[in-house]
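S.K.: Using only what follows, build the 3D model:
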Amino acid sequence: MGTRERRERERMARRKEILDAARKLFWSRGYSATTVNQIADALELAPGTIYLYFDSKEAVYLDLLLEGYELLLFRLKKAVGQKREPAEKVRALIREFFGFAVANPEYFDIIFFTLQKEFGDTRKSGLAEAQIKLLESKERECMAVAADAVGGSPEKTAVFVESVWSMLAGVVFFWRRAGEKERASVMREAEDIVMKSL
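M.R.: Model prediction:
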């Protein structure tokens, strides 16, 4: 391996360390209460080192959002990949949505809760217009997988998918507050409601 390849591998490893530390801080403290200095302190780095890899705190946050969406998209596509009937696909998508929330609580929170809680509107996040458009396109990709599974007219499907998407995020929020004991029954109830709506 040449010097250039080794340096690039080291650079990617450092970026990952920064993102891992930032994800934990954003999750535990919230976006507004987390600073670049705190991310650097968590890694025992000088704050200037963070800026060698990211232009700003917003850039770190954007990378985490994109990572989360990519992971969710991968899981949703995989869930419907082997299913044939629309009902089977929808059921698989619901279970995968909940599975993502359980397996990846930090990503789930960053995508669904932190952004809403901190800003209420993505446009107030400090992200640039191009970054916001990129995030919106990732969300549309996830919803397109669901819309394709549901089928039907685009207008009806879009409203249905948007409603279910929001409801499922709310269900996760509820069972997190209620406790793990209620999780399975709440998820089953949500799945039943969606399936009866098809």
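
S.K.: burial count for Cys142?
M.R.: Using other Cβ atoms under 10 Å, the number of residues around Cys142 comes to 21. The way it works is simple: take the backbone N, C-alpha and C, and place the C-beta from them, glycine included.

S.K.: element containing it?
M.R.: Using DSSP states H and E, Cys142 sits within helix 129-150.

S.K.: Go ahead and produce PDB holding the CA coordinates of that helix.
M.R.: Extracted C-alpha coordinates of helix 129-150, given in PDB (Å, rounded to 0.1, in the frame of the first residue of the first chain):
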ATOM      1  CA  GLU A 129     -30.100  25.200   0.700                       C
ATOM      2  CA  ALA A 130     -28.200  22.500  -1.200                       C
ATOM      3  CA  GLN A 131     -27.800  20.400   2.000                       C
ATOM      4  CA  ILE A 132     -31.500  20.700   2.800                       C
ATOM      5  CA  LYS A 133     -32.400  19.600  -0.800                       C
ATOM      6  CA  LEU A 134     -30.100  16.600  -0.400                       C
ATOM      7  CA  LEU A 135     -31.800  15.600   2.900                       C
ATOM      8  CA  GLU A 136     -35.200  16.000   1.300                       C
ATOM      9  CA  SER A 137     -34.200  13.800  -1.600                       C
ATOM     10  CA  LYS A 138     -33.100  11.100   0.800                       C
ATOM     11  CA  GLU A 139     -36.400  11.200   2.700                       C
ATOM     12  CA  ARG A 140     -38.200  11.000  -0.700                       C
ATOM     13  CA  GLU A 141     -36.200   8.000  -1.600                       C
ATOM     14  CA  CYS A 142     -37.200   6.200   1.600                       C
ATOM     15  CA  MET A 143     -40.900   7.200   1.000                       C
ATOM     16  CA  ALA A 144     -40.700   6.100  -2.600                       C
ATOM     17  CA  VAL A 145     -39.800   2.500  -1.500                       C
ATOM     18  CA  ALA A 146     -42.900   2.600   0.700                       C
ATOM     19  CA  ALA A 147     -45.100   4.100  -2.100                       C
ATOM     20  CA  ASP A 148     -43.900   1.500  -4.500                       C
ATOM     21  CA  ALA A 149     -44.900  -1.300  -2.000                       C
ATOM     22  CA  VAL A 150     -48.300   0.200  -1.500                       C
END
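
S.K.: Would you mind listing the buried residues in the longest helix anywhere in the chain?
M.R.: Criterion DSSP state H: the longest helix present in the chain is helix 3-29. Judged by neighbour count (16 or more other Cβ atoms under 10 Å), helix 3-29 contains these buried residues: 14, 18-19, 21-23, 25-27.

S.K.: May I ask which helix or strand of this protein has the lowest mean pLDDT?
M.R.: Of all helical and strand segments in the chain, the minimum by mean pLDDT, DSSP states H and E falls on helix 115-119, at a mean of 58.

S.K.: Can you identify the element that follows the helix holding Cys142 toward the C-terminus?
M.R.: helix 154-178.
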